[in-house]
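Q: any chance you could fold what I've pasted below:
(one chain, ligands or ions: 1)
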Amino acid sequence: MIDMAEFVGVVFSGLSALVIEDARDAGEVILVRARTRSGTVACPGCGAETSRVHGYHERTAADVPVDGRRVLVKVRVRRMRCPALNCKVQTFREQVSGVLERYQRRISRLTAQVSAVARELAGRASARLLPALGTGVSRHTALRVLLKIPLPEVAVPRVLGIDLSGVPSRPSVTSASVARGAVSARRRVVIRRPTATSVTSA
Ligand SMILES: [Zn+2]
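A: A predicted model of the protein is given here:
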């Protein structure tokens, strides 16, 4: 016989930072109810640990599909009270870092999936494919996700060459003035002085 609690823990292992209280079939969606774990939380203002609960909030977020159906997770999170009397943060909402980030309406692993599809297919094609995978995302949402993907680091050239072969040799166009106007202080500049025979490329 399958232990249902264990089975739910396996299916929703990505939510292990939370306590899953219930998972039920709600027709087109699977509804999961969860809460944050009890324990102390550090105040974001002063760092003091606190377990004093001021109140509760419910956050709703979409998770990766199960059984080809959308999954909605309703998470009860606590609003904590800082114990320090002189702290400017009196109460604060606890965060579930790595699972449900601040202000997000999607569980982090679903965001990662949508980002991967959007990166490969961009907005319109993503919006057509994702519903077939059990993730309903509009074209605008896919584009927003795409725009949030950080661009890869592009190496800045350490040496910048400036070809002055076409610049007439006038006193007003000096090496120093070109260097000041064209490049930042962080880049080394190699300036080729015009000569009668120089043919260079950048
Ligand atoms: Zn505090």
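
Q: show me which residues of this protein are close to the ion?
A: Residues of the chain lying close to the ion by C-beta under 5 Å from the ion are Cys43, Gly45, Cys46, Cys82, Ala84, Cys87, Val89. Bear in mind the C-beta positions are built from the backbone N, C-alpha and C, glycine included.

Q: quick one: the fourth one and Gly47 touch, right?
A: No. Proximity of Cys82 to Gly47 does not meet the contact threshold set by C-beta atoms under 8 Å, at 9.7 Å.

Q: neighbour-wise, which of the two wins?
A: The residue with more neighbours, out of Cys82 and Gly47, is Cys82; 24 against 10, by other C-beta atoms under 10 Å.

Q: excluding its backbone neighbours, what's nearest that one?
A: Distance criterion C-beta to C-beta, 6 or more residues apart in numbering; nearest residue to Cys82, sequence neighbours excluded, is Cys43 at 4.2 Å.

Q: now do the contacts for that neighbour.
A: Taking C-beta atoms under 8 Å, 6 or more residues apart in numbering, we find Cys43 in contact with Glu49, Thr50, Met80, Cys82, Pro83, Ala84, Cys87, Val89, Phe92.

Q: same thing with Arg59?
A: Lys74, Val75, Val77, Leu100.

Q: now a PyMOL select for only the buried ones of those.
A: In PyMOL, this line selects whichever of the contacts of Arg59 come out buried by 16 or more other C-beta atoms under 10 Å:
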select buried, resi 75+77+100
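
Q: alright, calling it a day.
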